[in-house]
Every structure is written in structure tokens, then in C-alpha cells.
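Q: Fold the stuff below for me.
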Amino acid sequence: MQNAIDGGGYASNSEIVRDALRLWEQREEVRRMEMARLKKAYDEGIASGEGRSIDADTFLAELKAEKRSRG
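A: So this is what the prediction gives:
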């Protein structure tokens, strides 16, 4: 911490701690938002019903057919 003060980046140890706490709080808020987004996507996936098994060739053929029908 002393190097940060000596280098002019911070005026005191408490300023360094406040900055570190602010960055931690920001990171935690981003984490909370991401977890909420993932939970919503999971819940939507569960609510969408039973999945179906397909192979890659079938899936690509369906995508190409859909694209052709849209023009």
C-alpha cells in the first residue's frame, strides 16, 4: 500500500481500502445481476417444456430451411 501512496496514486491507506471496497461492491453487484440473468434463463428453459433430441445435420438442415422460407 505504501508503494501506491508513494507513487501518488492514493493519499492514504484508508483511501486505498475505500477504493478496494468500492471495486469489490461493484464486482459483487455484477455477479448478482449475472446470477439473476442465468436463473431467469434457466426458469424460462424449464417452463418451455420437454426438449427434443436432434443430430447436428438435422439441426443445420432445419436452420437452412427456415432461412430459405424467410427469404
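
Q: got the residue ranges for the strands in the chain?
A: In the chain, no segments count as strands under DSSP state E.

Q: What residues sit buried inside stretch 58-66?
A: Within stretch 58-66, no residue is scored as buried using 16 or more other CB atoms under 10 Å. No exception for glycine: its C-beta is placed from N, CA and C like everyone else's.

Q: so how far is it off the chain centroid?
A: Stretch 58-66 has its C-alpha centroid displaced from the chain centroid by 29 Å (CA atoms, centre = their mean, to the nearest Å).

Q: Show me what counts as buried in the longest helix along the chain.
A: Longest helix of the chain, by residue count under DSSP state H: helix 13-47. Going by neighbour count (16+ other CB under 10 Å), the buried part of helix 13-47 is I16.

Q: could you say what helices and strands it packs with?
A: helix 2-6 (3 or more CB pairs under 8 Å, 6 or more residues apart in numbering; DSSP states H and E).

Q: who does the helix it packs on touch, helix- and strand-wise?
A: For helix 2-6, the elements it packs on are helix 13-47, judged by 3+ CB pairs under 8 Å, 6+ apart.

Q: Looking at the helix it packs on now, give me its mean pLDDT.
A: Averaging pLDDT along helix 13-47 gives 97.

Q: how much distance is there from that helix to the middle of the chain?
A: The answer for helix 13-47 is 9 Å, by CA atoms, centre = their mean.

Q: same question, stretch 53-60
A: A distance of 28 Å separates the centroid of the chain from that of stretch 53-60, by CA atoms, centre = their mean.

Q: what do you get for stretch 8-16?
A: On CA atoms, centre = their mean, the centre of stretch 8-16 falls 31 Å from that of its chain.

Q: Can you show me the CA trace of it as PDB?
A: C-alpha atoms of stretch 8-16 as PDB (Å, rounded to 0.1, in the frame of the first residue of the first chain):
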ATOM      1  CA  GLY A   8       0.900   9.300  -6.000                       C
ATOM      2  CA  GLY A   9      -2.000   7.000  -6.800                       C
ATOM      3  CA  TYR A  10      -3.500   7.400  -3.300                       C
ATOM      4  CA  ALA A  11      -3.200   9.900  -0.500                       C
ATOM      5  CA  SER A  12      -3.600   7.400   2.400                       C
ATOM      6  CA  ASN A  13      -4.100   3.700   3.300                       C
ATOM      7  CA  SER A  14      -7.800   4.400   4.100                       C
ATOM      8  CA  GLU A  15      -8.300   5.800   0.500                       C
ATOM      9  CA  ILE A  16      -6.800   2.500  -0.800                       C
END
